[in-house]
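Novice: I'd like to go over a predicted model; first the sequence, then the structure.
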Amino acid sequence: MEQSLGVVTQACKMVGVSRVTYYDYYNNDQDFKKAIDEIQNVALDFAESQLHKQIREGSTSATIFYLKTKGKNRGYIERQEIQHDTDTGFNIKIVDASRD
């Protein structure tokens with residue numbers, strides 16, 4: 001699982017077991033589940049480090065993604081407003097919350 005960064009299908013292929021077998025172990029063996037969950041955290045840490053690297057390198061999209069996910073309490077969010085119009089039905093409008 002470490003070598004596949006937590007990708008179940010890839011890990012199963014590497015060791016020659018089916019996904020069904022993997023999930024049987026995951027759902028029935030608490031020690032296995034705990035070890036797998038920790039690997040998932042390592043994979044998430046790796047992905048976050050790559051995101052921070054891209055931000056340091058000046059990636060606008062990485063910066064926007066980070067702010068939309070981690071900066072919500074500072075107003076970096078988009079929200080959807082659903083308005084009902086009796087003549088035409090529903091309209092969905094994306095609103096830039098930073099302009100409210």
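Specialist: Alright, I've got the coordinates. Numbering: from 1, shown residues only.

Novice: Count residues in the vicinity of the residue nearest to Thr9 when sequence neighbours are not counted, would you?
Specialist: Distances taken as Cβ to Cβ, 6 or more residues apart in numbering place Arg19 nearest to Thr9, at 6.5 Å, with adjacent residues excluded. Quick note: C-beta positions are derived from backbone N, CA and C, even for glycine. When neighbours are defined as other Cβ atoms under 10 Å, Arg19 has 13 of them.

Novice: and what of the one 5 residues further on?
Specialist: A count of nearby residues for Asp24, using other Cβ under 10 Å, gives 13.

Novice: ok, now Ile55?
Specialist: Neighbour tally, Ile55, other Cβ under 10 Å: 17.

Novice: same check, this time on Ala11
Specialist: As a measure of burial, Ala11 has 19 neighbours, counting by other Cβ under 10 Å.

Novice: Show me which positions of the helix or strand hosting Ile55 end up buried.
Specialist: Using DSSP states H and E, Ile55 sits in helix 30-56. Buried residues in helix 30-56, counted by 16 or more other Cβ atoms under 10 Å: Ile36, Ile39, Ala43, Leu51, Gln54, Ile55.

Novice: Dump whichever helix or strand comes after that helix to PDB, keeping only the CA atoms.
Specialist: Remark: after helix 30-56, the chain's next helix or strand is helix 60-70, criterion DSSP H and E. In PDB, the C-alpha atoms belonging to helix 60-70 read as follows (Å, rounded to 0.1, in the frame of the first residue of the first chain):
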ATOM      1  CA  THR A  60      -2.200  30.100  -9.100                       C
ATOM      2  CA  SER A  61      -4.500  27.100  -9.300                       C
ATOM      3  CA  ALA A  62      -2.800  25.400  -6.300                       C
ATOM      4  CA  THR A  63      -3.100  28.700  -4.300                       C
ATOM      5  CA  ILE A  64      -6.800  29.000  -5.200                       C
ATOM      6  CA  PHE A  65      -7.500  25.400  -4.400                       C
ATOM      7  CA  TYR A  66      -5.800  25.800  -1.000                       C
ATOM      8  CA  LEU A  67      -7.700  28.900  -0.200                       C
ATOM      9  CA  LYS A  68     -11.000  27.400  -1.200                       C
ATOM     10  CA  THR A  69     -10.500  24.300   1.000                       C
ATOM     11  CA  LYS A  70      -8.500  25.700   3.900                       C
END
